[in-house]
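Chemist: Provide a 3D model corresponding to the input given below.
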Amino acid sequence: MAAAIPALLPVSLEEARAFLRIETGGEDALLAGLLRSATDLCEAFTGHALIVRDVAEILGAGSGWRRLERAPVRAIAGVTGLPAEGAPFALAADAYAIEIDAQGEGWVRVTRPGAAGRVCVAYTAGMAEEWNGVPEALRQGILRLAAHLFTQRDGARDAGPPAAVTALWRPWRRMRL
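Modeler: The predicted model follows:
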């Protein structure tokens, strides 16, 4: 389980209002919520953290290599053991192995879990330091999805998100096998 998206919006409210041809700020709270939802869906679909941030992810303490949920991973800070009973404890550096591959995928393998049945991996992941560094195709997909959610919020005939959203996001999608 990865941490939530940052509070910042990938698309400004002004940009979203202009796209939707809304002239007043009366629906800003709704629009901001839809932009956050669309951002969360983009991250879930692509498997990428859009903005660099700290992530804490819980994994089983198995001895095989486990891929971290978010990418690109910039740094893995440490691994904490989570026992069934008792307080969490820092695993010794020689009790686990970490790897960040050329594609930015983070990998963790626990070799000596001790009493831990699960571990919490602390790492930093993200594509860009700020929203202007996020690829425009991802931003446009977020804007289009938020606009769709806004215009179809009461529509009984909603046929689902526009195909353009998937087309914009698909090249960035990380596949899990």
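
Chemist: which elements pack onto the lowest-mean-pLDDT helix or strand in the chain?
Modeler: Taking all helices and strands of the chain together, the one with the lowest average confidence (mean pLDDT, DSSP states H and E) is helix 13-20, at a mean of 90. Identification of packing neighbours for helix 13-20 by 3 or more CB pairs under 8 Å, 6 or more residues apart in numbering; DSSP states H and E yields helix 28-46, helix 136-151. C-betas here are computed from N, CA, C, even on glycine.

Chemist: what's the closest of these to residue 74?
Modeler: Put simply, out of the helices and strands packed on helix 13-20 the one that sits nearest residue 74 is helix 28-46, at 15.7 Å, with distance taken as CB to CB.

Chemist: where in this protein is pLDDT low?
Modeler: Segments of the chain classed as low confidence (criterion: pLDDT under 70) are 1-8, 176-177.

Chemist: circling back: I'd like the helices and strands packed on helix 13-20 as CSV, with distance to residue 120 appended.
Modeler: Putting the helices and strands packed on helix 13-20 into CSV (distance: least, CB to CB, whole Å) gives the following:
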stretch, distance to residue 120
helix 28-46, 20
helix 136-151, 28
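
Chemist: if we can go back for a sec, distance from the least confident helix or strand of the chain to the middle of the chain?
Modeler: In terms of CA atoms, centre = their mean, to the nearest Å, the centre of helix 13-20 is found 23 Å from the chain centre.
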